[in-house]
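Visitor: Quick one, what's the 3D model for this:
(one chain, ligands or ions: 2)
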Amino acid sequence: MPILAPNRFDEHLAAAGCSLDRARLEVLQVNVGKLCNQTCRHCHVNAGPGRSENMPGEVAERCIELLAEIDTLTTLDITGGAPELNDSFRSLALAGREHGLRVIDRCNLTVLFEPGQEDLADFLADNGIDVIASLPCYTAENVDKQRGDGVFQTSIDALRLLNEKGYGKTRRLDLVYNPLGPSLPPPQESLEADYRQRLREDFGVEFTSLICISNMPIGRFRSDLKNEGLLDGYMEKLSDAFNPSTIGSLMCRTYLSIDWRGFAYDCDFNQMIDLPLGGDRQRNILETPVAELLRQPIATGDHCLGCTAGSGSSCRGALA
Ligand code: SF4
Ligand code: SF4
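Guide: Numbers count the residues shown, from 1 in each chain. Ligands and ions are numbered 1, 2, ... in the order given. Next up is the predicted model:
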């Protein structure tokens, strides 16, 4: 018996003869909260400087225990908000490295210049932590429009600092692109070539690869679309572009996403709309064994069409 009412995404799955089942759990994604030094327009977390939701030490400790308990993990993916502003960020990242995992810091770049973060670039480099950073365009005008005045120049300064520490050269520095409005991202390969040329020639900046993600129809972006009367059209666009070949690579198949309180979700997007893993009720890692979490079905909704449109979309970029 499905717990959630059927949605357009499920209808597409059924029509394509596909199902969405869990595969081996590879990625523990920990969202330490909504505290951020920026307030971007497209933010699906609705993060900002005024947010008080911040993972307490007890939950971070349980996340660290999970790194030892789950022997199939390859990656610890730490996100927020600006995850570096959480008191447990560094101990969590170090624990991931001690377990031999790839550790990802989803960094907004400007945080590198926040008070108290003067040694952040060295911490990341010295401990072999990969950086995935948002940069929705290679021009100041577009980035500042989406992320706030002056954010582009500070981001370029941060990229140069990371380059100095070897990021984008011997260390992994991936950039994230998302469209400015209700359209699908262009092909990842060609856009990556444009980014590389413009950032290198205009600013002397190097990076490893470009990750293209669709804007998910949730959070602040959804509210903006609704207010502008564009939401229905965007949902139609995502539905029309449904691509069944993305299903096998959807991140919910191999991810476990934990929120700042310890509640478990199938992905960061479900986390943002409070759609719990299993779809029926909240389960917290402080009380629920991992095996029980992974027995629950993946919870889906219309917003999932954002992951399956066109080339597909995930925290790791295009899927198909
Ligand atoms: S998109 Fe990232 S940097 Fe911008 S407000 Fe949200 S969490 Fe902060
Ligand atoms: S939104 Fe989450 S649950 Fe839905 S398809 Fe994307 S990754 Fe899977």
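Visitor: Might you enumerate the residues of the stretch 51-200 of the chain proximal to ligand 1?
Guide: Contact residues (Cβ under 6 Å from any ligand atom) of the stretch 51-200 of the chain with ligand 1: Gly80, Gly81, Ala82, Asn108, Ser134. C-beta here means a position set from N, CA and C on the backbone, and glycine is covered the same way.
Visitor: of those, the lowest pLDDT goes to which?
Guide: Within these, Ser134 has the lowest pLDDT, namely 88.
Visitor: about what we covered before: now the buried members of the residues of the stretch 51-200 of the chain next to ligand 1.
Guide: With burial judged by 16 or more other Cβ atoms under 10 Å, the buried subset of those is Gly80, Gly81, Ala82, Asn108, Ser134.
Visitor: would TSV of these with secondary structure be doable?
Guide: Below are those laid out as TSV (DSSP: H, G, I helix; E, B strand; the rest coil):
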residue	secondary structure
Gly80	coil
Gly81	coil
Ala82	coil
Asn108	coil
Ser134	strand
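Visitor: quick one: which of the residues you listed is nearest Glu53?
Guide: Taking Cβ to Cβ as the measure, Glu53 sits nearest to Gly81 out of these, at 8.0 Å.
Visitor: need the contact list for the closest one.
Guide: Applying Cβ atoms under 8 Å, 6 or more residues apart in numbering, we find Gly81 in contact with Asn31, Val32, Gly33, Lys34, Leu35, Cys36, Val45, Ala47, Arg51, Asn54.
Visitor: top of those residues by neighbour count?
Guide: Neighbour counts for those (other Cβ atoms under 10 Å) peak at Val32, which has 28 neighbours.
Visitor: Could you pull up the residues touching it?
Guide: Neighbouring residues of Val32 by Cβ under 8 Å, 6+ apart: 54-55, 60, 78-81, 83, 86, 88-89, 92, 260.
Visitor: can you do 10 Å?
Guide: 53-56, 59-60, 63, 78-89, 92, 258-260 (Cβ atoms under 10 Å, 6 or more residues apart in numbering).
Visitor: what's the helix or strand for Leu161?
Guide: helix 151-164 (DSSP states H and E).
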